[in-house]
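>>> I need the structure of the sequence given here:
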Amino acid sequence: MKWKASRSAIENATIVLPKLLEKYLKEGRKAADGKRSPEELHNFRIKTKAFRYTLELFRPLYGTRLEHEIEPVRELQSVLGKLHDYHIIGETLEGNKALQAKLERLTKKKLKEFHKQWEAFDSKGQLNRWKTFLVHGAAKSGAVQSKRRTRKRSTATA
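Down below sits the predicted model:
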């Protein structure tokens, strides 16, 4: 998954991003298996953040459709953030049984939400859909931008 200076940004993106997606999905499947500690879920949140931010770097190549594609990643990041917040608050409230019980209920609810979101994100066909977008979406956006530039140049010289 190395970025090569000899390739264009689009070429690198269409090679590197699908591999990054596969790695992210593998990590997400582990995180969503129901056996992870709060620390492990927090680590997955950090990976989710890195995945999202990496994708956002490529907005100029993928255009506005990328925003729509990133939204589920943003939602996963948010729910994982809440789970981490609950964990930290729980450590702070140690000894307060009533508040800890309420926090446990909130945590269970957020965990269900995370699993539901992950299930939708990693559902059948999503890997292929994402890969198709990452490989072909950039090329289409790049082609559109190139045509626009050519059109602008030709009208400017006319």
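>>> list the buried ones in whichever strand or helix holds Arg74?
Per DSSP states H and E, Arg74 falls inside helix 65-92. For helix 65-92, a neighbour-count test (16 or more other Cβ atoms under 10 Å) marks 66, 70, 72-73, 75-77, 79-80, 82-84, 86-87, 90 as buried. To be clear about C-beta, it is placed using only N, CA and C from the backbone, and glycine gets the same treatment.
>>> Just give me the closest of these to Leu106.
Tyr86 (5.9 Å; Cβ to Cβ).
>>> Just to check, the closest one is in contact with Gln100?
No - if you go by Cβ atoms under 8 Å, Tyr86 and Gln100 don't touch, sitting 10.4 Å apart.
>>> List the buried residues in stretch 42-49.
Residues of stretch 42-49 classed as buried: His42, Asn43, Phe44, Arg45, Lys47, Thr48, Lys49 (neighbour count, 16+ other Cβ under 10 Å).
>>> Give me the residues contacting the helix or strand that contains the fifth one.
It refers to Lys47. Per DSSP H and E: Lys47 is located in helix 38-56. If you take Cβ atoms under 8 Å, 6 or more residues apart in numbering as the criterion, helix 38-56 is touched by 17, 20-21, 24, 27-28, 30-31, 36, 66, 69-70, 73-74, 76-77, 80-81, 83-84, 87, 114.
>>> Equivalent analysis for stretch 120-137, please.
So stretch 120-137 is contacted by 13-14, 17-18, 21-22, 25, 28-29, 32, 62-63, 65-66, 69, 72-73, 76 (Cβ under 8 Å, 6+ apart).
>>> buried sites along that stretch?
Phe121, Asp122, Trp130, Lys131, Phe133, Leu134, Gly137.
>>> Kindly format the C-alpha coordinates of it as PDB.
Taking Å, rounded to 0.1, in the frame of the first residue of the first chain, the C-alpha atoms of stretch 120-137 are listed here in PDB:
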ATOM      1  CA  ALA A 120     -25.300  -1.900   7.500                       C
ATOM      2  CA  PHE A 121     -21.900  -0.600   6.600                       C
ATOM      3  CA  ASP A 122     -20.400  -4.100   6.100                       C
ATOM      4  CA  SER A 123     -23.500  -5.700   4.600                       C
ATOM      5  CA  LYS A 124     -23.500  -7.900   1.600                       C
ATOM      6  CA  GLY A 125     -22.300  -6.100  -1.500                       C
ATOM      7  CA  GLN A 126     -20.900  -3.100   0.300                       C
ATOM      8  CA  LEU A 127     -17.300  -4.100  -0.200                       C
ATOM      9  CA  ASN A 128     -17.800  -4.400  -3.900                       C
ATOM     10  CA  ARG A 129     -19.800  -1.200  -4.000                       C
ATOM     11  CA  TRP A 130     -17.100   0.700  -2.100                       C
ATOM     12  CA  LYS A 131     -14.300  -0.700  -4.300                       C
ATOM     13  CA  THR A 132     -16.100   0.200  -7.500                       C
ATOM     14  CA  PHE A 133     -16.600   3.700  -6.200                       C
ATOM     15  CA  LEU A 134     -12.900   4.000  -5.100                       C
ATOM     16  CA  VAL A 135     -11.600   2.600  -8.400                       C
ATOM     17  CA  HIS A 136     -14.000   4.200 -10.900                       C
ATOM     18  CA  GLY A 137     -15.300   7.200  -9.000                       C
END
